[in-house]
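Student: kindly return the folded structure for what I paste below:
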Amino acid sequence: MPMRALKLIRTKSDYEEALGEVEQLWGARRGTPKGDRLDVLATLIDVYENEHHPIDPPDPIDAIKFRMEQQGLVRKDLEGIIGTRTRVAEVLNRRRPLSIGMIRRLHAKLGVPAEILIHAT
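Tutor: Below is the predicted model of the structure:
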């Protein structure tokens, strides 16, 4: 069965058609014609979804708390990153914005994406 030419996804119908084809191609080996087509379709779908169904970035403080939970950290563990115990409490209770230095340290030490943390300033 010959493959149809790839095209931009502009409508919901185009989108659903692309999803159906991805489902058929799922599991195709990378570096093969089907695998390459799957990669291109996934990219086109991603562009369409980002344009038509954007996802708001997570709240910076919620992202910090989530990462703390993932890593088994407590507020005291943030003192070396954010500052004093009082400063940590102010930041986590949203009474003090993150400084550029805090953002850099949180990104470096906890791995929270800087793009997410910047939205707190």
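Student: packing partners of the longest helix anywhere in the chain?
Tutor: Secondary structure assigned by DSSP state H gives helix 33-52 as the longest helix of the chain. Packing partners of helix 33-52 (3 or more Cβ pairs under 8 Å, 6 or more residues apart in numbering; DSSP states H and E): helix 12-25. Where C-beta positions appear, they are placed from N, C-alpha and C, glycine not excepted.
Student: so for the longest helix of the chain, what's the average pLDDT?
Tutor: Averaging pLDDT along helix 33-52 yields 94.
Student: same question, stretch 15-22
Tutor: On average, stretch 15-22 scores 95.
Student: so for it, what gets flagged as buried?
Tutor: 15, 18, 21, 22 (16 or more other Cβ atoms under 10 Å).
Student: tell me the SS of residue 117?
Tutor: helix (DSSP: H, G, I helix; E, B strand; the rest coil).
Student: neighbours of it, how many?
Tutor: Residues lying near residue 117 (other Cβ atoms under 10 Å) number 23.
Student: surely it and residue 105 touch.
Tutor: No - the criterion here is Cβ atoms under 8 Å, and residue 117 misses it with residue 105 at 10.0 Å.
Student: distance of the most centrally placed residue in the chain from residue 114?
Tutor: What sits nearest the mean C-alpha location of the chain, by Cα atoms, centre = their mean, is residue 57, with 7.5 Å. Computed as Cβ to Cβ, to the nearest Å, the residue 57 to residue 114 distance reads 11 Å.
Student: number of residues surrounding residue 60?
Tutor: When counting by other Cβ under 10 Å, one arrives at 23 neighbours for residue 60.
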